[in-house]
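> Got a predicted structure here, sequence first:
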Amino acid sequence: MSDDLTPIKTNAKPIETPKHEEPSMKLIAYNLLSGCLWSFAMLNVIATKIVFSDMHDTFRLTYLWTVLIQSFAIIEIYNAATGIVRAPVITTTMQVLSRLLVVFGVWTLLPESKGNYSYAYLIVHLAWGIAEVSRYYYYATNLMSKQSNNPIKVSPNLEWFRYNGFIILYPIGISSECYMIFYAIKASLAHTGLFFAIYAVFLSLSFKRFLTTTTSEAASSVTKSSSNSLLPLKFEQNLYATIKVHERSYLVTKGDLINLPFNMHTAQIGDTINFSKIDTLGSRNFTYHFNNGIDLDKVTITGIIVEKTKKPMTIKEVTKRRNRHVKHSLSKHDLTVVRINELKIN
């Protein structure tokens, strides 16, 4: 047997192939509505600034709209916690709470803060708006493309911007947030010491959000060459991997069926085999590439042999090299059908 495959136990029961589920129309509607609302929030601030030319009037006339729209993001925590979307609950919660810190803790509780009337308020709306509009419209389009008989496809430009725009938008956004939080802390000194202490904690959470968000987004688009930091994948759902068997690559997720073009003579139906050559490992938010292999103690990918069969009969044409005589022969290649039953980070 090849070194790519190692039998580890016998008489294992095959698992059922997961059924394809149509994307939820409610989730599609939520993403479309959120994209429209953030488009309004961003354009509302820009238009108000152009009309009134004063940041005091711009803040006073627009901030309540953004507070209301940002409050809807609490739904994202619920979606992540209940598994409606494949997103890390902790990261999603940190992102939402840090935004709520700004809209409630700074704009609502301390409207007199100097940072609210600066251009940081305008810049943060541009950064938030562009990031959220591209994110929500990408999610909506991606979900619609998975519907049966739906010709809608995700635009490559939208997908590229969704996973690369953060390189510019997040530093700009978080810098503007911290600028407004800094002046909010100074304004809070006029209140009780407890109030100031709470703001100091919130400020640290805001910086932590910047680190977690930037790390998450960067990992989704930057190739990883080391296998020493797979911890983020441990909290992800629906992992995928690229495994190699006899120099053939197979992209698999848990429950997939793969056809190996040979007969595994030393293994029987029901046996479980371990895949030892892994080139890629990832999820929706992270992708890791292993150019020099991976420590197999960190990852487990196994499959169950569910069938040993042959391909349909084909006529194979062979041309003799010397006299160019053409010979036809019947051929039925062996197949070993394997179902991926385990794909996890140890």
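Structure's in. What do you need?

> For the closest residue to Ser283 other than its chain neighbours, list the residues it contacts.
Among residues not flanking Ser283 along the chain, Glu236 sits closest, at 3.7 Å (Cβ to Cβ, 6 or more residues apart in numbering). To be clear about C-beta, it is placed using only N, CA and C from the backbone, and glycine gets the same treatment. Under the criterion of Cβ atoms under 8 Å, 6 or more residues apart in numbering, the neighbours of Glu236 are 86, 88, 283-286.

> repeat that with 10 Å
Counting by Cβ atoms under 10 Å, 6 or more residues apart in numbering, Glu236 touches 86-88, 282-286, 345.

> just curious, which of these is nearest to Val45?
Ala87 (27.2 Å; Cβ to Cβ).

> how far away is the closest one from Pro111?
Separation of Ala87 from Pro111 (Cβ to Cβ, to the nearest Å): 32 Å.

> rewinding a little: for the contacts of Glu236, name the two members farthest from one another.
Pairwise distances across those peak at 17.2 Å for Ala87 and Ile345 (criterion: Cβ to Cβ).

> And these two? Which one has more around it.
The neighbour comparison of Ala87 against Ile345 (other Cβ atoms under 10 Å) goes to Ala87, with 20 against 16.

> That one sits in which helix or strand?
Ala87 is part of no helix or strand when elements are defined by DSSP states H and E.

> Look up how far Phe290 lies from it.
In terms of Cβ to Cβ, Ala87 sits 25 Å off from Phe290.

> In contact with Asn259: list those residues for me.
250, 307, 309, 311, 335-338.

> quick one: which of those residues has the most company?
With neighbours defined as other Cβ under 10 Å, the most crowded of the contacts of Asn259 is Val338; it has 27 neighbours.

> residues touching that residue, list them.
When contacts are counted by Cβ under 10 Å, 6+ apart, Val338 touches 5, 14, 245, 250, 252, 256-260, 264, 267, 271-273, 275, 302-307.

> and it, helix, strand or coil?
strand (DSSP: H, G, I helix; E, B strand; the rest coil).

> Find the nearest non-adjacent residue to it, please.
Gly303 is the one closest to Val338 (Cβ to Cβ, 6+ apart), at 4.0 Å.

> Determine whether the claim that the one you found is in a helix is correct.
No: secondary structure of Gly303 (three-state DSSP): strand, not part of a helix.

> Who does it form a beta bridge with?
Assessed by DSSP bridges, Gly303 has beta-bridge partners Ile273, Ile340.

> Isn't it up against Met264?
No: using Cβ atoms under 10 Å, Gly303 makes no contact with Met264, being 11.0 Å away.

> between those two, which one's more packed in?
The residue with more neighbours, out of Gly303 and Met264, is Gly303; 30 against 18, by other Cβ under 10 Å.

> Closest one of the contacts of Asn259 to Lys186?
Nearest member of the contacts of Asn259 to Lys186, counting by Cβ to Cβ, is Tyr250, at 58.5 Å.

> Return the list of strands paired to the helix or strand containing the closest one, each annotated with direction.
Assigned by DSSP H and E, Tyr250 belongs to strand 248-253. If you go by DSSP bridges, strand 248-253 pairs up with strand 240-245 (antiparallel).

> can you pull the buried residues of whichever strand or helix holds Tyr136?
Using DSSP H and E, Tyr136 sits within helix 119-145. The neighbour-count check on helix 119-145 (16 or more other Cβ atoms under 10 Å) flags 120-144 as buried.

> Could you report the neighbour count for Val85?
The burial count for Val85: 19, using other Cβ under 10 Å.

> Start at 50, not 1
Got it, the first residue is 50 from now on, which makes the last one we talked about Val134.

> Run through the strands of this structure in chain order.
54-58, 289-294, 297-302, 306-309, 321-324, 327-331, 336-338, 348-359, 363-368, 375-380, 383-394 (DSSP state E).
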